[in-house]
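Novice: Any chance you can model this:
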Amino acid sequence: MEIKGAPLKDCYVLKPDVIKDERGYFYEKFNEKQFEETTGLNGHFVQDNISKSSYGVLRGLHLQKGEHAQAKLVSCLEGKVFDVAVDLRPESQTFGQWFGIELTPENKLQLYVPRGFGHGFSVLSETAVFSYKCDNFYNKASEGSVLWNDQDLNIDWRLPAGDIILSDKDKTAPAFSLKNF
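Specialist: Next up, the predicted model:
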């Protein structure tokens, strides 16, 4: 598996080595030991989540705060998504910057989103099945969010504005400049 740093501090793109033959293919999706040795970060996950969404759905930007903060290893199992991570750690040299990457079952890429980051994705295909591995358990009281179309962040979600479908929570999330991270 190739583990490459993304443009944001502590954010990584994982690309598996795929072994193909006439029967199909095999690859190691994650290796905790290799991840920790390569990145120096905790690679232990305690919760797996799956979501299915239709074209135009935009989920984000979400995070867990405080002692319940979560790092996530995300991938797309079906369809195509544009996945976005935003560094919301005020002490970080990449604070307020975002990184986006297309995730599909064909490219088999995964994105490691560290604790203290906002995360979201937009669905570019008819439907998409999305996987999240989390290193901490979900805690509703620790939920946080940032407005998906915040002007300071200026994220290109790769969807026409008229096609975007949001939850009520995502429509009313606070602006990046108003957050206390």
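
Novice: Bridged to the most centrally placed residue in the chain, which residues?
Specialist: Nearest to the mean C-alpha position of the chain, by CA atoms, centre = their mean, lies residue 119 at 4.8 Å. Counting by DSSP bridges, residue 119 is bridged to residue 62, residue 85.

Novice: what about it, distance to residue 63?
Specialist: Residue 119 sits 7 Å away from residue 63, going by CB to CB, to the nearest Å. The way it works is simple: take the backbone N, C-alpha and C, and place the C-beta from them, glycine included.

Novice: Longest helix in this structure, please.
Specialist: As assigned by DSSP state H, the longest helix anywhere in the chain is helix 32-39.

Novice: mind listing what the helix or strand that it is followed by pairs with, with the direction of each?
Specialist: For helix 32-39, the following helix or strand on the C-terminal side (DSSP states H and E) is strand 47-54. Here strand 47-54 is paired, per DSSP bridges, with strand 127-134 (antiparallel).

Novice: List the contacts of the helix or strand just after the strand it pairs with.
Specialist: As assigned by DSSP H and E, the chain's next helix or strand after strand 127-134 is strand 143-145. Contact with strand 143-145 is made by 60-65, 118, 169-170, 173-174, 179, as judged by CB atoms under 8 Å, 6 or more residues apart in numbering.

Novice: Alpha carbons of the helix or strand just after strand 143-145, in CSV - could you do that?
Specialist: Next helix or strand after strand 143-145 toward the C-terminus (DSSP H and E): helix 168-171. Only the C-alpha atoms of helix 168-171 are listed here, as CSV (Å, rounded to 0.1, in the frame of the first residue of the first chain):
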residue,chain,number,x,y,z
ASP,A,168,-31.5,21.1,7.3
LYS,A,169,-28.5,20.9,9.6
ASP,A,170,-26.1,21.5,6.7
LYS,A,171,-28.2,24.4,5.4
